[in-house]
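quick one, structure for this:
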Amino acid sequence: MLNDVQFVRRDYQHRCRLARPGHPDHHQWLPLSVHLPHGRNTRIDQARIVEPRQCQRRVARLTRQYYGRSPFWSALREPLQHVLDLFATTDRLDDVAEASTRLLLDLLNWPGKVVRSDQFEVRLGRSGRLADLTVSVGASHYLCGTGGARYLDAVPFAAAGVRVHYLQPPTGGIWADARRLSSLTALMAIGPAAFRRNWWGS
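Numbering: from 1, shown residues only. Predicted structure coming up:
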């Protein structure tokens, strides 16, 4: 988890776009209000949630509004409550971001481990940092999405003996709007078991 990189207000670091399954054009942003103590230079781990209780109520209301009628809502309701409870104990954006990511990964039975980038000594450049992090966690391959492919420099990876694999996510079916909508939309459309099969065939 890249929690010590610069916060970008117009990115997806503190917000996502919700839509009812089957209705991708009827969507709404779900944002968390944040305070950036260092302005544009604020890192994600320094961003603080403003009025956590209000944000908690907003997340609870909008997720139920958009996904509460799904036949798979019961699979999401309990783990989502653990994320909602977190708003009462922390105002750190990276805490809530990690918890919500873990929620999805757990529903998909993902066997990996989440680590935070601020635990490691790495270079400052984008590609150098990512190459160092890959080596630091003992990985031999780096999976690069479509966004990262626009700026990634393969030289630091090659120097570290790390192979870069460029991912091309599916673009049809439930994935047609995956680049702009929360993955909750696809998850609530077909359920965790079918989602796993669609993603990695397990």
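
may I ask which helix or strand of the chain has the lowest mean pLDDT?
helix 183-200 (a mean of 87; mean pLDDT, DSSP states H and E).

quick check: buried residues in that one?
Under the neighbour-count criterion of 16 or more other CB atoms under 10 Å, helix 183-200 has 183-192, 195-196, 199 buried. Every C-beta, even on glycine, is put in place using the N, C-alpha and C of the backbone.

nearest to residue 79, of the residues you listed?
residue 192 (10.3 Å; CB to CB).

who's in contact with the residue nearest in space to the middle of the chain?
Taking CA atoms, centre = their mean as the criterion, residue 101 is the residue nearest the geometric centre of the chain, at 5.2 Å. Shown in contact with residue 101 (CB atoms under 8 Å, 6 or more residues apart in numbering): 1, 114.

need the three-state assignment for it.
Under DSSP: H, G, I helix; E, B strand; the rest coil, residue 101 falls in the helix class.

with the one 5 residues further on instead?
In three-state terms, and counting by three-state DSSP, residue 106 is helix.

which ones are touching the nearest residue to it once chain neighbours are set aside?
Excluding its sequence neighbours, the residue lying closest to residue 106 (CB to CB, 6 or more residues apart in numbering) is residue 79, at 6.5 Å. Residue 79 makes contact with 103, 106-107, according to CB under 8 Å, 6+ apart.

now, among these, which is nearest to residue 66?
Using CB to CB, those come closest to residue 66 at residue 103, 15.7 Å.

what about residue 154, how many residues nearby?
Using other CB atoms under 10 Å, residue 154 has 15 neighbouring residues.

and the pLDDT at it?
Note on residue 154: pLDDT of 93.

and the helix or strand hosting residue 54, what other elements does it pack with?
When elements are defined using DSSP states H and E, residue 54 is found to belong to helix 52-67. Other elements packing on helix 52-67 under the criterion 3 or more CB pairs under 8 Å, 6 or more residues apart in numbering; DSSP states H and E are strand 15-19, strand 27-31, helix 73-86, helix 183-200.

can you redo those as a markdown table with distance to residue 144?
Converted to a markdown table, these look like this (distance: least, CB to CB, whole Å):
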| stretch | distance to residue 144 |
| --- | --- |
| strand 15-19 | 21 |
| strand 27-31 | 27 |
| helix 73-86 | 28 |
| helix 183-200 | 17 |
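
circling back: may I ask which of the contacts of residue 79 has the most neighbours?
Within the contacts of residue 79, neighbour counts (other CB under 10 Å) peak at residue 107, which reaches 20 neighbours.

with adjacent residues omitted, what lies nearest to the residue lying farthest from the centre of the chain?
The centre of the chain is farthest from one residue, residue 159, which by CA atoms, centre = their mean lies 28.6 Å away. Spatially, and ignoring its direct neighbours in sequence, residue 159 is nearest to residue 131 (7.5 Å; CB to CB, 6+ apart).
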